[in-house]
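Enquirer: coords below, sequence missing:
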């Protein structure tokens, strides 16, 4: 029951299971803001905002009516809202996304539905603050 191994995988995801620490279950509705430094998986419904320095998975039964800010994301369910991903956004064949996305890399599986504007960052735009251009200082 508690403490058992959970299946936190999503179709096509490369996010390791041990990185997901927060799970919104299939029969759960959450309204508000989630802030985390670890992975988040949505199998239920969230209305609000998700911010993590790690990864977000929206499972096949997941619905996120939310602004999403993360390093990587895999969507197999439905997202309604703007998505800001610093590295890679993957839309599985069952995904539906309605909203603008800003990404480093965008992967759209055959059958996925996407409606919105897309801005793809260049490598230098995705670098952390404090490194002006992402170039190494070779002295």
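Expert: Happy to help now that I have it. A quick note: this is a predicted structure, and the numbers were derived from the prediction, not measured.
Enquirer: just for this structure, where's the confidence low?
Expert: 1-18, 123-139 (pLDDT under 70).
Enquirer: in it, which spans are helices?
Expert: When secondary structure is read from DSSP state H, the chain shows no helices.
Enquirer: quick check, central residue of it?
Expert: residue 73 (2.6 Å; CA atoms, centre = their mean).
Enquirer: so what's that one up against?
Expert: By CB atoms under 8 Å, 6 or more residues apart in numbering, the contact list for residue 73 reads 55, 56, 57, 58, 83, 85, 88, 89, 90. Using the backbone N, CA and C atoms, a C-beta is placed for each residue, glycine as well.
Enquirer: next, count neighbours for the closest residue to it other than its chain neighbours.
Expert: The shortest distance from residue 73 to any non-neighbouring residue, by CB to CB, 6 or more residues apart in numbering, is to residue 56 (4.4 Å). With neighbours defined by other CB atoms under 10 Å, the count for residue 56 comes to 31.
Enquirer: ditto for residue 98
Expert: Counted with other CB under 10 Å, residue 98 comes out at 14.
Enquirer: what's the answer for residue 27, then?
Expert: For residue 27, using other CB under 10 Å, the count is 9.
Enquirer: could you do residue 119 as well?
Expert: Neighbours of residue 119 using other CB under 10 Å come to 11.
Enquirer: quick one on the thing from earlier: ok, now how distant is the residue nearest to residue 73 from residue 44?
Expert: Distance from residue 56 to residue 44, counting by CB to CB, to the nearest Å: 14 Å.
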